[in-house]
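Novice: Sequence first, then the predicted structure, then my questions.
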Amino acid sequence: LAKTTQPISMDSYEGQEVNITCSHNNIATNDYITWYQQFPSQGPRFIIQGYKTKVTNEVASLFIPADRKSSTLSLPRVSLSDTAVYYCLVGDPDSGYSTLTFGKGTMLLVSP
Amino acid sequence: GAVVSQHPSRVICKSGTSVKIECRSLDFQATTMFWYRQFPKQSLMLMATSNEGSKATYEQGVEKDKFLINHASLTLSTLTVTSAHPEDSSFYICSAAVRGGSSGNTIYFGEGSWLTVV
């Protein structure tokens, strides 16, 4: 069961790039890394998922080093609406993600 | 993208009664769904894994007789909180896995359901 460690909180300003790093030292070979965003009283929203190297979509980039023991979510030019809790999860798709365990997440506060 | 929908979004019930929460996959079939519970300012805790056509798998410490899960079709899983008490008041969230290609399966979450037991 891959455990993840993230900073509890981060502060940023509008227009800045935000990088949130997650450690997952005991990630397994078949595990993927997925990031979610959660606003208060809402379910987590999928942001991005990857296995290795770099993945980019319309909202974020995910950087995964060769050893896969960490990953970094990069949010370009954040806005006030990006204030939320961000979760890094590690799990094996073939197991149905039964090992998907939420850590404490990172509370990102974006200020004007 | 894939959508998982929950109903109701908010429910208030009296202590001792039962309440049902529905989780639907709207544009895909989900053989497996997951139910989570989240208390204010805390992270999500996995309660159980719902398997279509078979019994749910509960996490340690979760009472299966209290939290009844039924996954009767490939698009619907229900969580019934039986004989609810105030301590069961919480935010309940379901999720489902969408089969992916090279990017792996992806879990999508519902909007969540607030349960208040009075």
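Specialist: Alright, I've got the coordinates. Numbering: from 1, shown residues only, chains lettered A, B, ... in the order given.
Novice: In contact with the closest residue to residue B:26 other than its chain neighbours, which residues?
Specialist: Of all residues not flanking residue B:26 in the chain, residue B:3 sits nearest, at 4.3 Å (CB to CB, 6 or more residues apart in numbering or on different chains). All C-beta atoms are positioned from the backbone trio N, CA, C, and that covers glycine. Counting by CB atoms under 8 Å, 6 or more residues apart in numbering or on different chains, residue B:3 makes contact with B:25-27, B:108.
Novice: Residue B:78 too?
Specialist: B:20-23, B:69-72.
Novice: Chain B against chain A: which residues are in contact?
Specialist: Contact residues (CB under 8 Å from any CB of the partner chain) of chain B with chain A: B:1, B:4, B:6, B:32, B:34, B:36, B:43-46, B:49, B:57, B:91, B:93, B:95, B:97, B:100, B:103-112, B:114.
Novice: about what we covered before: need the pLDDT of the residue nearest to residue B:26.
Specialist: Residue B:3 carries a pLDDT value of 87.
Novice: Same question for the one 5 residues further on.
Specialist: Note on residue B:8: pLDDT of 97.
Novice: Likewise for residue B:41?
Specialist: 88.
Novice: Now do it against residue A:112, distance only.
Specialist: Going from residue B:41 to residue A:112 by CB to CB, to the nearest Å gives 24 Å.
Novice: so where do the strands sit in chain A?
Specialist: A:9-13, A:18-23, A:32-38, A:45-50, A:53-56, A:61-64, A:70-75, A:84-91, A:106-111 (DSSP state E).
Novice: Output the ones you listed as JSON lines; include the columns mean neighbour count, distance to chain B and mean pLDDT.
Specialist: JSON lines is the format used below for these (neighbours: other CB atoms under 10 Å in any protein chain shown; distance: least, CB to the nearest CB, whole Å; pLDDT from 0 to 100):
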{"stretch": "strand A:9-13", "mean neighbour count": "14", "distance to chain B": "12", "mean pLDDT": "97"}
{"stretch": "strand A:18-23", "mean neighbour count": "18", "distance to chain B": "14", "mean pLDDT": "96"}
{"stretch": "strand A:32-38", "mean neighbour count": "24", "distance to chain B": "4", "mean pLDDT": "94"}
{"stretch": "strand A:45-50", "mean neighbour count": "20", "distance to chain B": "6", "mean pLDDT": "94"}
{"stretch": "strand A:53-56", "mean neighbour count": "13", "distance to chain B": "8", "mean pLDDT": "95"}
{"stretch": "strand A:61-64", "mean neighbour count": "19", "distance to chain B": "11", "mean pLDDT": "98"}
{"stretch": "strand A:70-75", "mean neighbour count": "21", "distance to chain B": "14", "mean pLDDT": "97"}
{"stretch": "strand A:84-91", "mean neighbour count": "24", "distance to chain B": "7", "mean pLDDT": "93"}
{"stretch": "strand A:106-111", "mean neighbour count": "17", "distance to chain B": "10", "mean pLDDT": "98"}
